[in-house]
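Q: Quick one, what's the 3D model for this:
(2 chains)
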Amino acid sequence: MATQAKPVLYGYFRSSCSWRVRIAFALKGIEYEQKTINILKDGGQQLTDQFKAVNPMQQVPAVTIDGITLSQSLAIIQYIEETRPEPRLLPADPKQRAHVRIICDIIASGIQPLQNVYVIQKIGEEKVQWAQHFINRGFEALEHILKQTAGKHCVGDEISMADICLVPQVYNAERFKVDMSRFPTIRRLNQTLIEIDAFKATHPSCQPDTPDDLQA
Amino acid sequence: MSASAARLIKPVLYGYFRSSCSWRVRIAFALKGIEYEQKPVNLIKDGGQQLTDQFKAINPMQQVPAVTIDGITLSQSLAIIQYIEETRPEPRLLPADPKQRGQVRIICDIIASGIQPLQNLYVLQKIGAEKVQWAQHFINRGFEALEPILKQTAGKYCVGDEISMADICLVPQVYNAERFKVDMSQFPTIRRLNQTLTEIDAFKVSHPSCQPDTPDDLQA
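A: Numbers count the residues shown, from 1 in each chain, chains lettered A, B, ... in the order given. This is a model prediction of the structure:
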């Protein structure tokens, strides 16, 4: 095509997985359009046939980019990384890359899927304890791992996909009132990262769909 | 020890015969022709051997699989497999084209984030009495999404005609679906792909029915 269409992100201001993708776009300096999918309103806009055609899993985020539609935040981010390599979001060394992926996967497979809106709606009354349990479990492991791998950021001194996954998960932990005093390394890393533009500009408190009462 | 010396020692897989995530790693090693040692971690015996301090030192998340390779210890099956892919590139487990790689990763992540973590032993133990319905629910939900995706992406295998990490994730998840008596008749593409894949050596030799820790009554 003659002109490059901007990527489109289907997301929700408070979806931690959507935030990961927003951070990645921001770090790469990629302009994109946002199409809000309100996962609470109207019984959940992700459940429409229209959105199901975009993502059969009926979840956010989804991204339309380079003529294709992708889902699954880490698959989206890795596609962006492979097609727009600067600045890098994965270290050059395979062992360090593995450390980054372990941290990402603990969050993206071991924590977040157990405390997302869909699951806690099914859990019902005990949802806060359930969410706290899985966040604590994952953070206990991460605290230990990050003590080994972290420099200024999660793995060494360069920002990576691990940092992209960590900050939104800490936000979720705070929403569920997890006692963060037990995780000093996670806190220190989060503190550094949230001062960085790409993390600030993409924060749930300042998105196009952030409700007035939750705006920064 | 030097990096080259570490490379000469066989990798060690801490796994469990019936852990689908461990099976993914076994398939990857088999596809790459990499010999490795197995150290079984029985998830049920003795209250769960993954909960010992000894194993916690290997994987703080207290889960299988974990792998010691090239002098380091890795956890998280997809991180392990991608490390193997990047350090032992032949035969490839990810397509060359970024868009196809994106498709492979979507399929892997639907399984590894969207299905399996919701139906693993740890979670089902917490769910209690309704665990079978819970597991069926999440497997059905994920397979309902995978079926139309695979209709678009699949050739002979999940994405085109080359075996990839998507196939490595699919087969163990189908095994789990069968264990939970999910009605597979609704997923013809998944069934067709699984049928083809389970005939391949790397998937057969790594099957739960023939591992060092497979109980006698479950052996093939």
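Q: alpha carbons only for contacts and neighbour counts from here, please
A: OK.
Q: which residues in chain A form helices?
A: A:16-28, A:49-54, A:73-83, A:94-105, A:117-123, A:127-149, A:161-175, A:184-193, A:197-200 (DSSP state H).
Q: ok, the fifth one near chain B or not?
A: Spelled out, it's helix A:117-123. No. Counting by CA under 8 Å from any CA of the partner chain, no contacts exist between helix A:117-123 and chain B, the nearest distance being 8.8 Å.
Q: counting contacts, what elements does that helix pack onto?
A: helix A:127-149 (3 or more CA pairs under 8 Å, 6 or more residues apart in numbering or on different chains; DSSP states H and E).
Q: Spatially nearest residue to the residue most central in space within chain A, not counting backbone neighbours?
A: Nearest to the geometric centre of chain A sits A:Arg20, at 2.9 Å (CA atoms, centre = their mean). The spatial neighbour of A:Arg20 that comes closest, neighbours along the chain excluded (CA to CA, 6 or more residues apart in numbering or on different chains), is A:Ile164 at 5.5 Å.
Q: so what's the one you found up against?
A: A:20, A:23-24 (CA atoms under 8 Å, 6 or more residues apart in numbering or on different chains).
Q: related to what we said a few turns ago, of the helices of chain A, give the one that comes closest to A:Pro7.
A: helix A:16-28 (9.5 Å; CA to CA).
Q: Give the residue spans of chain A that score low on pLDDT.
A: A:1-3 (pLDDT under 70).
Q: For it, what lies in contact range of chain B?
A: Counting by CA under 8 Å from any CA, the residues of chain A near chain B are A:56-57, A:68, A:70-72, A:74-76, A:78-79, A:82-83, A:94-95, A:97-99, A:101-102, A:105-106, A:108-110, A:113-114, A:137-138, A:140-142, A:144-145.
Q: Now the buried members of those.
A: Among the residues of chain A next to chain B, those classed as buried by 16 or more other CA atoms under 10 Å in any protein chain shown are A:56-57, A:70-72, A:74-76, A:78-79, A:82, A:94-95, A:97-99, A:101-102, A:105-106, A:108-110, A:113-114, A:137-138, A:140-142, A:144-145.
Q: ok, A:Gly110 - contacts?
A: A:Gly110 makes contacts with A:134, A:138, B:113, B:117, as judged by CA under 8 Å, 6+ apart.
Q: ignore the last one, A:Ile39
A: For A:Ile39, the contacting residues are A:12, A:45-46, by CA under 8 Å, 6+ apart.
Q: Ok, A:Val155 next?
A: Counting by CA under 8 Å, 6+ apart, A:Val155 touches A:96, A:99-100, A:146, A:149, A:162.
Q: Closest one to chain B out of those, please.
A: Comparing the contacts of A:Val155 against chain B with CA to the nearest CA places A:His99 closest, at 7.6 Å.
Q: The closest one touches A:Gln148, doesn't it?
A: No. Proximity of A:His99 to A:Gln148 does not meet the contact threshold set by CA atoms under 8 Å, at 9.9 Å.
Q: Write down the beta-bridge partners of A:Ala62, one by one.
A: Assessed by DSSP bridges, A:Ala62 has beta-bridge partners A:Tyr10, A:Ser71.
Q: Verify the contact between it and A:Pro7 for me.
A: No. Using CA under 8 Å, A:Ala62 is not in contact with A:Pro7, being 10.4 Å away.
Q: Which one's more surrounded, the two?
A: Remark: of A:Ala62 and A:Pro7, A:Ala62 carries more neighbours, 26 against 19, as counted by other CA atoms under 10 Å in any protein chain shown.
Q: what residues are up against that one?
A: A:9-11, A:54-55, A:69-73, A:76.
Q: do that again at 7 Å, thanks
A: The neighbours of A:Ala62, taking CA atoms under 7 Å, 6 or more residues apart in numbering or on different chains as the test, are A:9-11, A:55, A:69-72.
Q: Which pair in those has the greatest spatial separation?
A: A:Gly11 and A:Thr69 (13.3 Å).
Q: which one of the two has more residues nearby?
A: Comparing A:Gly11 with A:Thr69 by neighbour count (other CA under 10 Å), the higher total belongs to A:Gly11, at 26 against 18.
Q: so who does the more buried one touch?
A: Per CA under 7 Å, 6+ apart, neighbours of A:Gly11: A:18, A:35-37, A:60-62.
Q: if you set the cut-off to 8 Å instead, what comes out?
A: Contacts of A:Gly11 (CA under 8 Å, 6+ apart): A:18, A:34-38, A:60-62.
Q: Repeat that for A:Lys127.
A: Applying CA under 8 Å, 6+ apart, one finds that A:Lys127 lies in contact with A:120-121.
Q: please redo it, this time with the cut-off set to 6 Å
A: Contacts for A:Lys127 (CA atoms under 6 Å, 6 or more residues apart in numbering or on different chains) come out as A:Ile120.
Q: And for the one 3 residues further on?
A: Shown here is A:Trp130, which makes no contacts under the criterion CA under 6 Å, 6+ apart.
Q: 8 Å instead, please
A: Neighbouring residues of A:Trp130 by CA under 8 Å, 6+ apart: A:115, A:120, A:123.
Q: Same check on A:Ala98?
A: Each residue near A:Ala98 by CA under 8 Å, 6+ apart is listed here: B:74, B:79-80, B:82-83.
Q: switch the cut-off to 6 Å
A: Contacts of A:Ala98 (CA under 6 Å, 6+ apart): B:79, B:83.
Q: Check A:Val8 too.
A: Applying CA under 6 Å, 6+ apart, the residues near A:Val8 are A:32-34, A:63-64.
Q: please redo it, this time with the cut-off set to 8 Å
A: By CA under 8 Å, 6+ apart, A:Val8 lies in contact with A:32-35, A:63-65.
Q: same thing with A:Gln148?
A: Taking CA under 8 Å, 6+ apart as the definition of contact, A:Gln148 has no neighbours.
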